[in-house]
Structures are given as structure tokens and as C-alpha cells.
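Engineer: Next input, structure requested:
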Amino acid sequence: MALRVYDDKIGGTLVERKYPNAYFINDGDIREYVTHLKPPYGEGFYHEICFENVHIGFGNVSLKNKVLLYFEADFDSVEMHFSLKGRSAALSDNFGYKICFESYQHNIIYAHQMSGQMEFDGHEMQILEINLAPAFFTKFLPEDSDVFNTFRNAIEKQHSCLINPHHNRISLEMYQILNDIIHCERKGIFKRIYLEAKVAELLLLQLEQLFKSESSSSLLKKDEEKIYAVRDFIINNLDQNCSLVDLAHQVGTNEFTLKKGFKELFGTTVFNFWNDTKMEQAKKMLLEGDLNINEISDIIGYKNPRHFSAAFKRKYNLIPSKLRNTNGITH
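Structural biologist: Numbering: from 1, shown residues only. Just a heads-up that it's a prediction; the model follows:
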């Protein structure tokens, strides 16, 4: 089974992968490949991890201009697709229409031996896609849903389709799992066990979101993008201490819209999210790094280590030094 990505204009092949045994290898092993994107297209990487029934691919690239590529794949798969940054589109005779993704969107796609063209548009592109063997995926589909039964029938008849014609927003819980997958540093069988669990958890969240009858968002698209920009700022500036007004003004909105929209999109307040993100990062540094507690406290924005220890204990019911000494993981 093979995948080929190429540029029809210059006749160059960017990716040509013949996967061992099958696209979803079945020998119990775990394989990894990294493809680097180079000029004139842009710069970045695409990292693939595959093991039985599962193929994970994620990438982050910077583009100078819109990129048009072609692809050919001679296998069937169900793809959990997550568009984190940038805009992308795919056009194939299998669907007969262009499938477009923008930042913060996700969906589940069944693809039967597809070929066509892909467009990438955005200075920074970041995606994560998980391909599952169709027979493996259908084991997880609930029986008591018209949406899921329709998708199951399409797979059985080998009709490429989306599980939902409208993309859903990536939730905060999904972002956390996607981040765990991208930054997993385990090796061998332990990496496989960890990733299998994360894929199952991520699929659960996707199916739950589809199953729930949720009201449409009250946010305008431009406001939604601003709230995601605040989330990105928080993640990249854990050592900062900004007021709600400062954050709102930074992205060109007001305090009311930010408070209401953040709660609607992520199910929590701005400062609860900021604090939880700080504590998760601190826990990771305590367990995996060599920095002392004072250094960690400073990195996540606590100038007084005692205040950091108190906040950490409120979150995990354990002081930082105790966590490091026992090398335990709390929840």
C-alpha cells in the first residue's frame, strides 16, 4: 500500500511512502518517519507514527505562498482530521466537491482509494490527522444514532464521505490530547500504549460532540478567531500576568465578549484556563526536567515560590517538592 504526494507543475515528488505490510502495520511494532518541507514551498516538517490499525501524522510548516499539490492513495482509511492553524482544501472525484478546513476545525472522513489535489493557504499551517483501519474504527461506533449508522453504511459500501457535513470546533479537551500526542517522548512499546490510549480518548470526544445536539455558536466568526488568539497567547506566555481587559484589547475585542466567548468555546474561564495550563506545565517540568522549583516558579510567572507551591497544592493536593521526591503523577 502506498501514498504519493507530488507537484504536477514541476513533476517533483515530495512524499512517496510504501508502508511495510500495509498502511496500518500489523507486526506489533511502531514505525516513525519525518518528512521535511523545503523551499520553494516553505519550511517545516510532517511526522508520521504508525502501528497496528493506527497511522498518526502531524506537521507544522510556514508557507510563503499558497501551495497546490496532488496526491494518490491506494488504501481505505477513516481519518480523524484536526486543522489547528491555516486553511486547507482537498478536491477529489470521490467526493465531487471541495472539502475545506480552517483553523480550529475538525471532522471524521472516510476515504476510499482517493486521488486529487490539495491546497494549503496560510503563513503558518499546523494539522494533525489520525488514520484508522475502517474495520477497527467501526467497532467504536455506537448503534443508536442515525449519523453513525449512515457513516457505517457508507464505509460498508465504500462511499467516501464526511461523518458530518459541517465541521465542528476543536474543544479545549481535544487540544490538550493533541498536544500530548505531538509532544510524546516515550519510546517503543510504551509509546504505542500511550498513543493508543490518547487516540481512543480523542475519538471518544469527537463522537460525543457529534452525538450531542448542541445549539449553534452565538459568536461571530471574527470574535471566535480573536478568542482563539487569546488562548494561543496564554499558552505561549505563561510567565505573563495580564488583566482581562489587557487580553481583550490585545486581540481587538472587549472584556464582555472575551469572557462570554471563552466560556462558550472552552467551557472554563480565561484565568482558570491560564492557571490550569501553568500547573500542567509545572508538573511536566517537575517530573521530566532538571530545573529547581524556584526556576519553574519563575518560568510560569510566579515571582514568589511560596505562592507557586500554594497554587500547585490547590490544583493537585500535593506540594511541588513532594511530587518530585515521590516521582508520582497526580490528577
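
Engineer: Now do the same contact list for residue 250.
Structural biologist: Residue 250 makes contact with 230, 233, 242, according to CB atoms under 8 Å, 6 or more residues apart in numbering. Where you see a C-beta, it was placed from the backbone N, CA and C, and this is true even at glycine.

Engineer: Low-confidence ranges, the stretch 1-150 of the chain, go.
Structural biologist: 1-28 (pLDDT under 70).

Engineer: circling back to that earlier point, so which of the contacts of residue 250 is the most crowded?
Structural biologist: residue 230 (22 neighbours; other CB atoms under 10 Å).

Engineer: That one touches residue 246, doesn't it?
Structural biologist: No: in this structure, residue 230 is not within contact of residue 246 by CB atoms under 8 Å, at 10.3 Å.

Engineer: Quick one: low-confidence residue ranges for the stretch 151-300 of the chain.
Structural biologist: In the stretch 151-300 of the chain, residues with pLDDT under 70: 213-218.

Engineer: For it, which segments count as helices?
Structural biologist: 172-182, 188-211, 221-236, 244-251, 255-266, 270-288, 293-299 (DSSP state H, counting those that start in this stretch).

Engineer: Looking at the ones you listed, which is nearest to residue 127?
Structural biologist: helix 172-182 (10.1 Å; CB to CB).

Engineer: Taking helix 255-266 as reference, get the angle to that closest one.
Structural biologist: 60 degrees (axes from the mean of the first three to the mean of the last three CA atoms, to 10 degrees).

Engineer: name the helices or strands packed onto helix 172-182?
Structural biologist: Secondary-structure packing of helix 172-182 (3 or more CB pairs under 8 Å, 6 or more residues apart in numbering; DSSP states H and E): strand 54-63, strand 76-92, strand 115-132, helix 188-211.

Engineer: Would you check how far apart residue 81 and residue 69 are?
Structural biologist: 16 Å (CB to CB, to the nearest Å).

Engineer: returning to what we had before: got a markdown table for the helices of the stretch 151-300 of the chain, with distance to residue 46 too?
Structural biologist: Compiled in a markdown table, the helices of the stretch 151-300 of the chain are given as follows (distance: least, CB to CB, whole Å):
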| stretch | distance to residue 46 |
| --- | --- |
| helix 172-182 | 12 |
| helix 188-211 | 17 |
| helix 221-236 | 21 |
| helix 244-251 | 29 |
| helix 255-266 | 28 |
| helix 270-288 | 25 |
| helix 293-299 | 30 |
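
Engineer: Looking at those helices, which is nearest to residue 54?
Structural biologist: Per CB to CB, nearest to residue 54 of the helices of the stretch 151-300 of the chain: helix 188-211, 5.9 Å.

Engineer: My guess is residue 83 contacts residue 106. True?
Structural biologist: Yes: using CB under 8 Å, residue 83 makes contact with residue 106 at a distance of 6.9 Å.

Engineer: residues touching the spatially closest residue to residue 67 that is not a sequence neighbour, list them.
Structural biologist: Leaving aside its chain neighbours, residue 67 sits nearest to residue 120 (4.5 Å; criterion: CB to CB, 6 or more residues apart in numbering). By CB under 8 Å, 6+ apart, residue 120 lies in contact with 61, 63, 66-67, 69, 86-88.

Engineer: Could you do residue 180 as well?
Structural biologist: Here residue 180 is in contact with residue 198 (CB under 8 Å, 6+ apart).

Engineer: switch to numbering from 368
Structural biologist: Sure, I'll start counting at 368 from here, so that last one is residue 547.

Engineer: Residue 476 and residue 684: what is the separation?
Structural biologist: Distance from residue 476 to residue 684, by CB to CB: 42 Å.

Engineer: between these two, which one's more packed in?
Structural biologist: residue 476 (21 against 10).

Engineer: ok, what's across the strand from the residue nearest to residue 434?
Structural biologist: residue 434, residue 455 (DSSP bridges).

Engineer: And it, how far from residue 524?
Structural biologist: 31 Å.

Engineer: again, but for residue 466
Structural biologist: The value you get for residue 466 to residue 524, if CB to CB is used, is 19 Å.

Engineer: Which residue of these two possesses the greater neighbour count?
Structural biologist: More crowded of residue 466 and residue 524, by other CB under 10 Å: residue 466, with 20 against 9.

Engineer: quick one: contacts for the nearest residue to that one once chain neighbours are set aside?
Structural biologist: Of all residues not flanking residue 466 in the chain, residue 457 sits nearest, at 5.1 Å (CB to CB, 6+ apart). Neighbouring residues of residue 457 by CB under 8 Å, 6+ apart: 465-466, 483-486.
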